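> have a look at this prediction, sequence included:
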Amino acid sequence: MADIIKTILSKLPDAKLIDSAYFEGANIILYTHDKKFLVEGEPIIKQIVNEIKKRIELRAVPEILVNKEETEKIIKMLLPKEAGLDNIEFDEQRSIVVLNVKNPSMAIGENASILKEIKKQTCWTPQVKRSPAVRSRITEAIIHVLYASSEYRKKFLNKVGKAIYKGWTAEKKQEWIRVSFLGGARQVGRSCLLLQTPESKIIIDCGIDVAATNSEKFPYLNVPEFDIKDIDAVIISHAHLDHSGLVPYLFKLGYRGPVYMTAPTRDIAALLALDYIGVSYKQAAQPIFSVSDIKEMVKHTITLNYGEVTDIAPDVRLTFFNAGHALGSSLVHLNIGNGLHNVLYTGDFKYSKTRLFDPPRTKYARVETLIMESTYGGRNDVMPPRKQSEKALIENIARTIKRKGKVLIPVLGVGRSQEVMLIIDDAIKQGLLQNVPVYIDGMVWDVTTIHTAYPEFLGVNVRKQIIAGENPFLSETFKRVGSPTEREEVINSGPCIILATSGMLVGGASVEYFRELADNKKNMIIFVSYQGVNSLGRQVQEGLKEARFVVEGKEEKVPIKLEVVSIEGLSGHSDRNQLINFVNNLKPTPRRIIINHGEQSKSLDLASTLHKFFKIETTVPRNLEVVRLR
Ligand SMILES: [Zn+2]
């Protein structure tokens, strides 16, 4: 028995009340056969939680659970009609009953009174989930995978907990902490960091540089300090291919440990990975991982909400905070060695309010090292105010529609697409834009439905709209395009707006639309996000006159006559001023700032400015360099 369980049992009035104890990751689950203790033991458990600062939950052993039929009856009787019960799911492995409802607060009741009553009458532990307005196919597929593997999950989570609490003591000593930069240093793309302490090895982000040529697409996983067998945990800041794209490959290499991310990041990362396989096949390349590797990633993912503090290794505690960059995107806070050293890794972040998100917070209990992105950290990367950028977007679209052209907006699929959708929908409602169809191509649509499923990860304004049932993503303006035939129809139709992936014109539907639309000067392409070095998008931005495509094995040359517009103020990244302001407002002031995720000149430029302004040590590591934090 793990030491931490022994400690907990010793604090109970009678250790025999507990039949068995399991870990669900860092959560400790105690199973009891004693109905009275199940209901009345809560205050004692709460007291122990306060003492040892770990999450503990009390559940019933399966033998004392009321049967499912009877339980359903009781739940339906106890839930008020306003809760809007959709369905009930039983997780027998864990003695949990999941209530999918339209209005969670009504189902929970004041001080969780309804949930307590359900537990008292049925012994099942109720969990309430909000049922989404639109079903996301990928989220449902993921839930299915999780249910189908619930027996495996129970064992897996218990194993994870055992590893976390191995040699558990309240005090920790720590000799050193190092971070290796395996990708995404002095460049944008293939982000990957390896955090090492005497007790743990943790991967933070594992991305693909989609714009790079073969040898530089992936992080350096072939270095001596990286051995997949030694990795204790993987943390993913957000679901963009350059941060999450290579995670399934870790499972192909044999990794079977936990991957920590938010629930929307899990769903979108799985979707992007599936799409990546499809794009690889279309480019006649062998995909680097398979669907079953993506499934393994899902099976081994532990989702966390913003602000939820969780132990992920004997000496590392993880908390995610909103990053304002894309749905579920997170600033990663790591408390290492029981408060000995604290790292804040920004991933990609937007330090400004947008239509989708609130800005990230700047107050933390402790931060000694800040690892910060610098995509727009260069001296000239000052973006126009949002209002101005939104106006420019709408005016350019209006001009194109007036001359009977089509507007193609290549988007990342996640984040910018939904931001642009909200701006366009608003402009049409306000009469600033003619009511033309806005075509949302396949994956963008799927990602949008995931947005509606997780309102709690959106900014306060959209969240309120969605909860009130006025879902802006479901506006009639938006038309879904799924099949090649439908794509054909869009290309042959009249003036319209098209949102399609990929954002940099490297594979995906956006390239197909571009090939068809490029030769007509009435049309317009609008770039709203970062264009990677070497990507077709970057070349078009820089004035490429003719594009070459390979269609069914034959090379095809297309003259580029359409109007090319770039609008930078809509980016999901902080511009130079926002990056500097974030450091300025960050409390406490970090002792060291490490700059990554930016083209070399921009990262260096930002680092020297931050050093001059704030007199803080700044470092701009190269790929493969190691920085000792302590
Ligand atoms: Zn990103």
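Great, that's in hand. This one's a predicted model, so the numbers in the text were calculated from it and none came from an experiment.
> so what's residue 363 bridging to?
residue 587 (DSSP bridges).
> what is the burial count for it?
By other CB atoms under 10 Å, 9 other residues sit near residue 363. For glycine as for every other residue, the C-beta is placed from the backbone atoms N, C-alpha and C.
> do a quick rundown of the helices in the stretch 451-600 of the chain.
Here the stretch 451-600 of the chain has its helices, by DSSP state H, counting those that start in this stretch, at 460-467, 484-492, 509-517, 536-541, 576-585, 600-614.
> for the ion, see how far away the residue most central in space within the chain is.
The centroid of the chain falls nearest to residue 265 when counting by CA atoms, centre = their mean (2.6 Å). Per CB to the ion, to the nearest Å, residue 265 is found 11 Å from the ion.
> follow-up on the earlier one: in TSV, list the helices of the stretch 451-600 of the chain along with mean pLDDT and distance to the ion.
Shown next, in TSV, are the helices of the stretch 451-600 of the chain (pLDDT from 0 to 100; distance: least, CB to the ion, whole Å):
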stretch	mean pLDDT	distance to the ion
helix 460-467	89	19
helix 484-492	93	26
helix 509-517	94	17
helix 536-541	96	15
helix 576-585	98	15
helix 600-614	98	16
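> so what's the residue nearest to the centre of the chain up against?
Neighbouring residues of residue 265 by CB atoms under 8 Å, 6 or more residues apart in numbering: 236-239, 244, 327-330.
> which of those tops the neighbour count?
Ranking the contacts of residue 265 using other CB under 10 Å puts residue 329 first, with 33 neighbours.
> and the nearest residue to that residue once chain neighbours are set aside, what pLDDT?
What sits nearest to residue 329 in space, not counting adjacent residues and going by CB to CB, 6 or more residues apart in numbering, is residue 238, at 3.6 Å. We note a pLDDT of 98 for residue 238 in this prediction.
> same question, residue 549
89.
> quick thing: my sequence starts at 17, can you match it?
Taking 17 as the first residue, the last one we looked at is residue 565.
> which strand residues bridge it?
In this entry, residue 565 is beta-bridged to residue 572, by DSSP bridges.
> count of neighbours near it?
If we define neighbours as other CB under 10 Å, then residue 565 has 15 of them.
> hang on, it packs against residue 528?
No - assessed by CB atoms under 8 Å, residue 565 is found out of contact with residue 528, at 9.0 Å.
> and the protein, which of its residues are near the ion?
Counting by CB under 5 Å from the ion, the chain comes close to the ion at 256, 364.
> let's see 8 Å
Proximity of the chain to the ion is confined to 254, 256, 258-259, 341-342, 345, 363-364, 428, 430-431, 588-589 under the rule CB under 8 Å from the ion.
> now the helix or strand hosting residue 442 against helix 476-483, angle please.
Using DSSP states H and E, residue 442 falls within helix 432-445. With axes from the mean of the first three to the mean of the last three CA atoms, to 10 degrees applied, the angle from helix 432-445 to helix 476-483 works out at 80 degrees.
> thinking again about what came up before, now the residue nearest to the centre of the chain: phi and psi?
phi -60, psi -40 (degrees, to the nearest 10).
> not including adjacent chain positions, what is the nearest residue to it?
That would be residue 344: by CB to CB, 6+ apart, it lies 3.9 Å from residue 281.
> gap between that neighbour and the ion?
11 Å.
> residues contacting that residue?
Neighbours of residue 344 in contact, by CB under 8 Å, 6+ apart: 254-255, 277-282, 284, 470, 473.
> now do the SS call for it.
coil (DSSP: H, G, I helix; E, B strand; the rest coil).
> circling back to that earlier point, which one of the helices of the stretch 467-616 of the chain lies closest to residue 402?
Taking CB to CB, helix 592-601 is the member of the helices of the stretch 467-616 of the chain nearest to residue 402, at 11.1 Å.
> so how far is the ion from residue 22?
For residue 22 relative to the ion (CB to the ion), the value is 44 Å.
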